[in-house]
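1. Here is the input, now give the coordinates:
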Amino acid sequence: MVTFWESVNDETVYAPLADVAELVRRLHQLDAPTGFELPKPSPFGDGGDDLPSFPGLSEVDAQFLRQRIEWARRTFDDLPFVLPQGVIHGDANVGNVICRPDGEAVLIDLDSFAWGPREWDLIQTAMFFDRFGWHTEEEYRTFVEVYGFDLLTWSGYETLANMREVAMTTWLAKKAHLADRSAREAAKRIEAIRSGGSRRDWDPY
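-> Numbers count the residues shown, from 1 in each chain. The predicted structure follows:
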């Protein structure tokens, strides 16, 4: 099979959060596809899947991260989701919405497309504001106004945010043996998760 892809832009120009919110809102309004079923999201793997070995981490950090993955696997489906399940992007955040030269925003990176809790598509924007300081309060309030729901008011926010941090750190930790920068960042994140320390010094990847 051969596929052809159209380049959105020769430069990487990220869309403003209002456009991100609008695209996610429209995506979440889509009906279920006919003729096939979208997969359920499995951001931490299935219960029977092998856990990563993380060769670039210390054994103490690797074991801690594996324990957090096991916790997330057990807990994810039991969260008190309040939004209707539906079509989700699976990795919705400002880094996956880029602008065409005419300014039109385009949602990219669709390999985690699924049918599941819409809260999973809102968690990163909420965390980027609340925990990391990567969005301003004004930007986040604009996102909430356009999308129509504030995830920070949901009772499951803290737990889902903790899970998303595990997913973000796992992705980076798998690259730790390839680059010293990735190894240092993964170790810093794991220590923050372990100790409850600030996330304000996490570097975006």
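2. Quick check: closest non-adjacent residue to residue 193.
-> Counting by CB to CB, 6 or more residues apart in numbering, the nearest residue to residue 193 once its immediate chain neighbours are dropped is residue 165, at 5.9 Å. Backbone N, C-alpha and C define where each C-beta goes, glycine included.
3. Is there a neighbour count for the one you found? I'd like the number.
-> Using other CB atoms under 10 Å, residue 165 is surrounded by 22 other residues.
4. any idea which helix or strand carries the residue positioned nearest the centre of the chain?
-> Centre of the chain computed as the mean C-alpha position; nearest residue by CA atoms, centre = their mean is residue 91, 4.4 Å away. Using DSSP states H and E, residue 91 is not contained in any helix or strand.
5. Show me what the helix or strand harbouring the residue nearest to residue 193 packs onto, helices and strands only.
-> Counting by DSSP H and E, the element that carries residue 165 is helix 157-173. If contacts are counted by 3 or more CB pairs under 8 Å, 6 or more residues apart in numbering; DSSP states H and E, helix 157-173 sits against helix 59-75, helix 119-130, helix 180-195.
6. Next, the angle helix 157-173 makes with the shortest one.
-> Right, the one you point to is helix 119-130. Between the axes of helix 119-130 and helix 157-173, defined by axes from the mean of the first three to the mean of the last three CA atoms, to 10 degrees, the angle is 90 degrees.
7. Outside of helix 119-130 itself, list whatever touches it.
-> Counting contacts by CB atoms under 8 Å, 6 or more residues apart in numbering, the residues outside helix 119-130 that touch it are 17, 20-21, 24, 27-28, 41, 43, 79, 81-83, 88-94, 134-137, 139-140, 143, 147, 149, 151-152, 154, 156-157, 160-161, 164-165.
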